[in-house]
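Enquirer: coordinates only, sequence not included:
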C-alpha cells in the first residue's frame, strides 16, 4: 500500500456507508488486512484523529478493540508484533481530553483489555501514570480529562480484580492499598467541591458522575483487594466519611424533590446508589471485617430508619401520588443490608456443622465479636418485632402497580411474580428478608404471626391487602410455622369459606389462598385435608374465575400432586375435572411462558397418574397439536411440547401407533441436523423416538424410514450415543432384517469407529448393540457386512494393541465369542485371514489371539460374559485346530473356574448383561419391547446351554480324558473330571 493510512481510512468510510455493496467490500478488505503489520496502530491513529468523522472514528475503535481481543496474546494466531504493541500502548493514555464520551468509552475498554494481559510485566508504569493523572481534581476542560482518566482507571481496576490465578490476585492485593489512598483523596476533594458549591456550579452534574466513579473504584478495591478492612485506617476512615456524605446527599435529594431538577436529582441518586452497592458488596465479601468497623452499625441503622419512615408511604399508595417520591433503589439497598445483617448474625463458627478446619482461632474470635456487635447494635429483640411488623404490614402488600399490571396483562404479571427477582423489586425483596428473619427468630415471631392470622379481619380494601400479606407470611414461613400452625383447621375453618367468596375484590385473597395451599400441601397433611385442597384448587380453576387466580391454582395443584405423600386413589375422583380445567386453561392463555408452565403442570399429572390419563390422550393431542405448529420459532417451547408428547406416547404404550402420523415426522424434524433448532430438541426427541419404538407391536414403514437417521446420529456427539444405541437396539428387536438391509454396513462402520476412540464406559453399550444384532440376525445375513465394514478388524486391532482398558477389550472380544457360538469356523477363518494380511504374514496368528484371549480372561467380570467366552472357547476347541489344542491347559483352567461358578449359580445372573440392567427415564415399565427382549434373552444359548454338558461332549469328541492326560496338569484334569461327574 502506497499510503496505508489513506487507504484504510477510505475503507472505513465505505464501511460506514449505507450502500450494502460498498459495506461488504470494505468488511472483506478489513478482514484481509487485519494480519498486516501496523494495521492496528494505523487504526488507532485514525481513531484518535478529531478531524475525521465521528462514526468513522467509532468504527475504527471497534475494530481496534476486537483486534486486541483476538490478536494481542502472544499465543494467538498471527499475533500483533511487540513493536506495534509498544506503539499502541504509548498512545493509549493520551486520549483523555477526548470530548466524545462514546469514543472515550471505547478507549477505556481497550486500555483495560490490554492491562489485563500486559500489566505489570509489559506495561509496568500503567497504574503510576493513571494515578498521576487523577491526583489533583480539575475544572473546565481539565474536568473532562479527569473524568476520562478516572473512568479508565475504574475499568482497569475492574479487569485486574477479575484475575483468577493466584499471582494475579496477589498483584491486585499489593496495588490495592496505595491505589485506594489516591482515589480516596480524589473522592474527598470532589465531595468538598460539591458540598461547598451545591446548586451554584455548572460542573455539579459532571462532578457527581466523577464522584460515582470514585466510589465504584473504591468498592472494587475494598471488595477484591483489601481483605481486612477493619485493620486498614484508610478504609475505616472512608466508611466513616461516606456515611456522613450519604446523609448529606439524602438531605439534598429531599430538597431537589420540591425543585423538580430532574437531571441533578438523577445524578445525585446515582451517587447514592453507588454508596448502597458499596455497602452491600462489602457485607457480602467481608461480613465479619465490615461489622468490626466503627460506623458500620450506624450505616445499617440509617438505612433501616429510612425503610421504617418510608413504610407508610409504600403501604398507602392507593389514591395518592406518592410513587414518584419513593426512592425505591435506596429502600431495596436498605432491605438487602438488613437481610445480610440478619444472615450474618447466624454466622456461628461454633456450630457442629461448621467447617472448623477452614477458619483460624483468631477468625473465630473476630466472627464472635462481629456477631455480638450486630446483635447488640441492630438485631435486638425489639428490632426483630419491628422488622417483622414493618415488612409484613408495609412492604409485602400488593401495590397499585401490581393491580394495574394484573388487570392490563394478567399472564405477564403472574409470570413475573413467580420469577426470581427479589433483588430488584421491593415486595419480593421484603419477602426474602422476612424469610431470613423468621428462620432465625421463629420462637419470637411465630406467636405474633399466628395472632395476626386469628385476629385480622376484612373491613375494607386496605384490610384485604393486609390479610393477603399475612397469608403471604404464612406461605413463606411454612418450614418455621409447621407444627405450630394447625394448618388443617386453618384450611377447613378459614380458607375454604374465603376461597368460595366470589366478590371481585376478593380475587386478591383467592389467588393468595391458592398459592398458600401450594406451599403447605407438601407438609405431611392428612388425606381429608388433601381432598379439601383438591376441591378448593379445582374450584379456583373454573373458567369463570380470574385468570391469575386460575394460573396460581393450577401451579398449586401441580405441587399437591408432585408430593412424596401423593396417593393416586385420593386424586382419581378429581382427575377428570383437573385434566379438563387444565386443558381449558391452556387454550385461554396466550403467552408461551404461561403455556409452558401449564404443560409442565400437565406433565406432572401424567407422571403421577400414569395409565389413568390414557382416556384424555385424544383431547391432549387435539390441544397440543396446534401449539406445536405455533411454536415453530420457539425451540424451547417446542422442546417442552416434545416432552409432553413423549409422556402421552408412554401412557398409550402399544396404542401409540395411532399417533405415528404426527409424531414420527416430529422426531425426524427434531433430529435433523440441518435444522438449527435441533440443538435444543434432539435430546428430548430421542426419548420420544425410543418411546414410540418400545410401544410398537409390529414394524411400521414410517418408523423404518428413520433407521438411517438413527445410524447417522451415532457420530453426532458422545452425550447422546447411549440413547441412540437404545433406539437402534429397539429397531433390531422389532425388525432386525430391516436394520441390516437398510444400513447394516453403515451401522457396523459407525460402531467400529468407536472401538479405538470411545471411552471405556461406552464399550458395554456398543457391544450390547452388536450382540443383539448377532442374536437376531443369522450370520448368513450380516456376515459380509461385519467383515466389509471393518468392525471385526477394528476389534481385533484394539485387542492386540491393548490400548483400551483390559475390561473394555474383553467386552469387544465378546463379539467374537458370540460369533463362535453361531459358527466357530467363521471366527477361525477370519482370524487366520487377518494374520495372512499382516506384513509380513504371521504363521500362528490365530494361536497368538487365543493365547491373549485366555490370558485376559480374568478381566471379564460379569457372569453372563464369562459363560459366553467360556462357551466360545469350547466351540472353537471342537474344531480341533492345533492352535486351540496347544492352549488346552488354559482352556481347562477356564472350564474349572466358570464351571464352578455356573454350578453354584441360580441361572438368573447370566440372563441379563450390564447394559440390560441400565435404566433411563424414557424406558417403559411394561411394553411390547420388554416382551420381545424377554423372549430373546430366554432363547439365548448363553442362558439355555448347559455349560458342563457342552464341556463333556467336547471332551468326548477328542476321545475322552485319555487324550488330555499328557497335555494337561493332572491336578487340573482331576478337578475338571470331578466337576463333570458330581
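Expert: Yep, that arrived. All values derive from a computational prediction rather than experimental measurement.

Enquirer: Quick check: which ranges of the protein have low pLDDT?
Expert: Residues of the chain meeting the criterion pLDDT under 70: 1-2, 136-141, 199-202, 319-324, 346-359, 420, 456, 757-758, 906-922.

Enquirer: biggest helix in it, by residue count?
Expert: helix 721-755 (DSSP state H).

Enquirer: And that helix, what's buried?
Expert: Using 16 or more other Cβ atoms under 10 Å as the test for burial, helix 721-755 gives 721-736, 738-740, 742-755. Heads up, the C-betas are built off the backbone N, CA and C, glycines and all.

Enquirer: all strands for the stretch 551-700 of the chain, in order.
Expert: Applying DSSP state E, counting those that start in this stretch to the stretch 551-700 of the chain gives no strands.

Enquirer: Repeat that for the stretch 301-450 of the chain.
Expert: With DSSP E, counting those that start in this stretch, there are no strands along the stretch 301-450 of the chain.

Enquirer: Residue nearest the middle of the protein, spatially speaking?
Expert: Central residue of the chain (Cα atoms, centre = their mean): residue 680, 13.7 Å from the mean position.

Enquirer: Now that one. Nearest residue, chain neighbours left out?
Expert: Leaving aside its sequence neighbours, residue 680 sits nearest to residue 635 (Cβ to Cβ, 6 or more residues apart in numbering; 3.8 Å).

Enquirer: So the one you found sits against residue 677, correct?
Expert: Yes - taking contacts as Cβ atoms under 8 Å, residue 635 lies within contact range of residue 677: 4.0 Å.

Enquirer: any idea which helix or strand comes after the longest helix of the chain?
Expert: Later in the chain than helix 721-755, the nearest helix or strand by DSSP states H and E is helix 763-776.

Enquirer: Run the chain-centre distance for that following helix.
Expert: Its chain's C-alpha centre and that of helix 763-776 lie 34 Å apart, by Cα atoms, centre = their mean, to the nearest Å.

Enquirer: What residues sit buried inside it?
Expert: Neighbour-count burial for helix 763-776, counted by 16+ other Cβ under 10 Å, picks out 763-776.

Enquirer: do stretch 824-844 as well
Expert: For stretch 824-844, burial by neighbour count (16+ other Cβ under 10 Å) applies to 824, 826, 827, 828, 830, 831, 832, 834, 835, 842.

Enquirer: how about TSV for those, with secondary structure added?
Expert: What follows is those, written out as TSV (DSSP: H, G, I helix; E, B strand; the rest coil):
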residue	secondary structure
824	helix
826	helix
827	helix
828	helix
830	helix
831	helix
832	helix
834	helix
835	helix
842	coil
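
Enquirer: Out of these, which comes closest to residue 83?
Expert: For the buried residues of stretch 824-844, the residue nearest residue 83 by Cβ to Cβ is residue 834; the value is 60.0 Å.

Enquirer: Just confirm the closest one contacts residue 794, I think it does.
Expert: No - when contacts are counted by Cβ under 8 Å, residue 834 is not listed as touching residue 794 (11.2 Å).

Enquirer: Now the two most distant members of the buried residues of helix 763-776.
Expert: Pairwise distances across these (Cβ to Cβ) peak at 20.7 Å, for the pair 763 and 776.

Enquirer: I'd like the next helix or strand past the helix or strand where residue 278 lies.
Expert: Element membership for residue 278, per DSSP H and E: helix 262-285. With elements assigned by DSSP H and E, the helix or strand that comes after helix 262-285 is helix 287-291.

Enquirer: Give me the spatial nearest neighbour of residue 539, chain neighbours excluded.
Expert: Nearest residue to residue 539, sequence neighbours excluded (Cβ to Cβ, 6+ apart): residue 499, at 6.4 Å.

Enquirer: thought the one you found was touching residue 536?
Expert: Yes - judged on Cβ under 8 Å, residue 499 makes contact with residue 536 at a distance of 4.9 Å.

Enquirer: Quickly list what's touching both of those two.
Expert: Residues touching both residue 499 and residue 536 (Cβ atoms under 8 Å, 6 or more residues apart in numbering): 513, 514.

Enquirer: Domain-wise, how is this protein divided?
Expert: Per the record, the chain has its domains at 1-92, 307-351+358-484, 486-566, by the TED database.

Enquirer: Of those domains, flag the one that's most buried.
Expert: domain 486-566 (a mean of 19; mean count of other Cβ atoms under 10 Å).

Enquirer: sorry, back to before: got a list of what the residue nearest to residue 539 touches?
Expert: So residue 499 contacts 509, 510, 513, 514, 536, 539, 540 (Cβ under 8 Å, 6+ apart).

Enquirer: so what's residue 226 up against?
Expert: Counting by Cβ under 8 Å, 6+ apart, residue 226 touches 173, 176, 177, 180, 232, 235.

Enquirer: again, only using 10 Å
Expert: The contact partners of residue 226, by Cβ atoms under 10 Å, 6 or more residues apart in numbering, come to 172, 173, 176, 177, 180, 218, 232, 234, 235, 286, 289.

Enquirer: Spell out the residue ranges of the helices in the stretch 451-600 of the chain.
Expert: Residue ranges of the helices in the stretch 451-600 of the chain, as given by DSSP state H, counting those that start in this stretch, are 461-476, 478-481, 487-490, 496-499, 507-520, 527-539, 547-561, 568-588, 592-609.

Enquirer: Take those helices and write them to JSON lines, including distance to residue 65.
Expert: Formatted as JSON lines, those follow (distance: least, Cβ to Cβ, whole Å):
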{"stretch": "helix 461-476", "distance to residue 65": "46"}
{"stretch": "helix 478-481", "distance to residue 65": "50"}
{"stretch": "helix 487-490", "distance to residue 65": "59"}
{"stretch": "helix 496-499", "distance to residue 65": "59"}
{"stretch": "helix 507-520", "distance to residue 65": "48"}
{"stretch": "helix 527-539", "distance to residue 65": "55"}
{"stretch": "helix 547-561", "distance to residue 65": "46"}
{"stretch": "helix 568-588", "distance to residue 65": "48"}
{"stretch": "helix 592-609", "distance to residue 65": "36"}
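
Enquirer: With residue 73 as the reference, name the closest of those helices.
Expert: Shortest distance between residue 73 and these, using Cβ to Cβ, is found for helix 592-609: 41.4 Å.
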